[in-house]
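Chemist: sequence below, structure please.
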Amino acid sequence: EIDLLDSRITVTGYQKNKIGNQNLIVRYGGKRTSMTIEVVEKVVTSIFVTAPTKVQYIEGQEIDLTGAMITATYNDGSIQEGIAVTADMISGYDSTVFGNQTITVTYQNQISVFNVNVKAKSVVGIEMLNNPAKLEYIEGQELDLTDGKIKVIYDNGSYDEVTIKLPMISGYESDKLGNQNITVSYGEFTTQFTVNVIEKVVTKLELISLPNKLSYIIGQELNVEGAILQAEYNDGEVKNNIVVTNDMCSGFDSSSLGTKTVNVKYEEGSIAFNVNVEEKKLVDLKITVPNKTTYI
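Modeler: Have a look, this model is predicted:
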C-alpha cells in the first residue's frame, strides 16, 4: 500500500498487483496533481538454510532432506520461514565421494549451503545366501563349493553376493564320518553350513572270472585259483582284478554230494558261485607186474 504522511491526502489510480509504471492522481485541499510510480515484483533477496537432521552418510546412501528448511527474505523486508528443501533444489551431493561435501540449495535464484560428510561403507556381518549344491560326501571326497554364496552386509544397508571359495573354508575333514559344521570366513566375520560324510562302501560286486576248478570229489579242499572280482563303490570308484582268496570264501562243504554255493565276501559286498561235489570214482587202473611171474 502507498504510505501517505497526511491523512488529508487522497490518491487514486494505484493498483498494488500491477507491475510497472502507474500514473496516480493526488488530491489535497481541493487541488489535484499527478505523479508516476513504479511497482516492482516481490522477490526473494536472500535465503538461509537450516541443515537437515541427517548430515552423516555412508557410501551409496541417498541424501535425506528431512528437517532441511529455508528462511527467505524478500525485497519488501518480509520474511518467510519453514520452506521445505526438496531434491530439485540441491546440487553437489555424490555418495561415492568420501569426506566433507558442500551442498548448494537454490531457491528463487538465491543460494545457501550446508555441509554433509560421506564415509566408505564397511562390512557389519555375513550370512549364508545359498548352500553349496553338494552337502553329502563319501569319505575321502574333496569339498565341492559349487553354487555356494554368502551375503556380505554393509553398514549402509546394502549387501553383496560373494561366491564361496576354498580359502574361505575351514572345518572339513574328509575322513571323519557324520555331520560337520563348515565355517565360512570373510574378514573378521564367519557363518556356517552343514555337510554329512558317509562311509565309502562297495555297492556292487561282480565275479568277472570263475575259479578254474568247479568240480570236487568228497573230501577235497576248496581251490579258488583263477577267480577274479570287480568292485564298484558308492563314490563311483571301480576296482578291477581283485584276486579271490580262500579266506574270502564261505559255505563250501565237500563232505556231502551235490551242488554247493560258495559265498565270496569283499569288504561290504558279497557274491556267490556254485561248485559240484561228486563221488570218488575209479577212472583208471594200472597193474604192476611182479618180478616173479612163473610158478610151479
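Chemist: the strands in the stretch 51-200 of the chain, which residues?
Modeler: 56-58, 69-74, 79-84, 90-91, 99-107, 110-119, 123-130, 136-138, 149-154, 159-163, 169-170, 178-186, 189-198 (DSSP state E, counting those that start in this stretch).
Chemist: between the last one and strand 178-186, how many degrees?
Modeler: This means strand 189-198. Interaxial angle, strand 189-198 versus strand 178-186 (axes from the mean of the first three to the mean of the last three CA atoms, to 10 degrees): 150 degrees.
Chemist: list the strands paired with strand 189-198, with their directions.
Modeler: strand 136-138 (parallel), strand 178-186 (antiparallel) (DSSP bridges).
Chemist: mind putting the strands of the stretch 51-200 of the chain in a markdown table, distance to Tyr14, mean pLDDT and mean neighbour count included?
Modeler: For glycine as for every other residue, the C-beta is placed from the backbone atoms N, C-alpha and C. As requested, the strands of the stretch 51-200 of the chain are exported to a markdown table (distance: least, CB to CB, whole Å; pLDDT from 0 to 100; neighbours: other CB atoms under 10 Å):
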| stretch | distance to Tyr14 | mean pLDDT | mean neighbour count |
| --- | --- | --- | --- |
| strand 56-58 | 53 | 96 | 15 |
| strand 69-74 | 20 | 97 | 17 |
| strand 79-84 | 25 | 96 | 12 |
| strand 90-91 | 40 | 97 | 15 |
| strand 99-107 | 30 | 97 | 15 |
| strand 110-119 | 29 | 97 | 15 |
| strand 123-130 | 67 | 97 | 15 |
| strand 136-138 | 94 | 97 | 15 |
| strand 149-154 | 64 | 98 | 18 |
| strand 159-163 | 66 | 97 | 14 |
| strand 169-170 | 86 | 97 | 14 |
| strand 178-186 | 76 | 98 | 15 |
| strand 189-198 | 75 | 98 | 15 |
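Chemist: so which of these comes closest to Ile19?
Modeler: Closest approach to Ile19 among those is made by strand 69-74 (14.9 Å; CB to CB).
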